[in-house]
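>>> Just the structure for this:
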Amino acid sequence: MEYTFHWRPVFNRLPDLLEAGLITLEVSALSMVIGIALGLGLALIRMSGNPAIAWFAIGWIEIARNTPALLQLFFFSFGLGAYGIHLTPYMVVLCGMAFNNAGYLAESFRGGFAAIPDTQMKAARSLGMTATQAYIRIIIPQVLRIVYYPMTNQMVWAVLISSLGMLVGFHELAGETQRQAFRSFRLFEFFLVTAVIYYVIVKIIILSSRLIAWRLFRY
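Below is the predicted model of the structure:
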């Protein structure tokens, strides 16, 4: 059986797909910013040695890393909805991705903190810095440099798992592709073009991260 390609419907809707691609980038970047802040906090809580609060960070990390990302999205969509908390599809995807990113980044940050010699904290304290000042000015900047490339990989992961948003009604790139494909019945053509758009987005992220790394870390 021969398949006849029809690309005109795809090209006619290409502006809609590109606009949806920008939405994908937006929600992915925002979820990364939130995930970095939360992941850093979770890493510090877990390393605090206080069992009264460490269990919270450990539980978050274990759930985020060892359950499917789709189930995490369903929790923020249908799970909270069962208790009368109804979020928009955008917020569902943002919360789910930020939760997932925080869990993975927390372990990356914990490894980064472990790579910093204890003598640096002692030296900072000997200069009169408080523990908070030492972390902000000395320790955390070095940790961010150590985990820079893992954060880049996590950003790529965030872009790719954002496609799960179409299952909760979010019209990002995959969701918009599904909507347009079902209208025109040209599923293969639409999703093939969408795969190319995802590929270009990921390559832009990787090349941008290399450029930023060259500017920040060349010395």
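
>>> From what I see, I161 and A64 are in contact.
No: contact criterion CB atoms under 8 Å: I161 and A64 do not qualify, at 11.8 Å. To be clear about C-beta, it is placed using only N, CA and C from the backbone, and glycine gets the same treatment.

>>> So these two - more neighbours on which side?
Remark: of I161 and A64, A64 carries more neighbours, 25 against 21, as counted by other CB atoms under 10 Å.

>>> Could you check how many residues crowd around the closest residue in space to that one that isn't next to it in sequence?
Spatially, and ignoring its direct neighbours in sequence, A64 is nearest to G103 (2.3 Å; CB to CB, 6 or more residues apart in numbering). Applying the criterion other CB under 10 Å, we find 24 residues in the vicinity of G103.

>>> looking at it, G103 is touching G59, isn't it?
No: taking contacts as CB under 8 Å, G103 lies outside contact range of G59: 9.9 Å.

>>> Quick one: classify F78 as helix, strand or coil.
What DSSP: H, G, I helix; E, B strand; the rest coil gives for F78 is helix.

>>> Just list the residues touching the residue nearest the centre of the chain, thanks.
Geometric centre of the chain, nearest residue: A158, 3.6 Å, by CA atoms, centre = their mean. Contacts for A158 (CB atoms under 8 Å, 6 or more residues apart in numbering) come out as S28, S31, M32, G35, M97, N100, N101.

>>> leaving aside the residues next to it on the chain, what's closest to the fourth one?
For G35, ignoring the flanking residues on the chain, the nearest one in space by CB to CB, 6+ apart is N101 at 2.8 Å.

>>> three-state assignment of the residue nearest to Y3 when sequence neighbours are not counted?
Ranked by CB to CB, 6+ apart and with sequence neighbours excluded, the top spatial neighbour of Y3 is F188, at 7.4 Å. Using three-state DSSP, the structure places F188 in helix.
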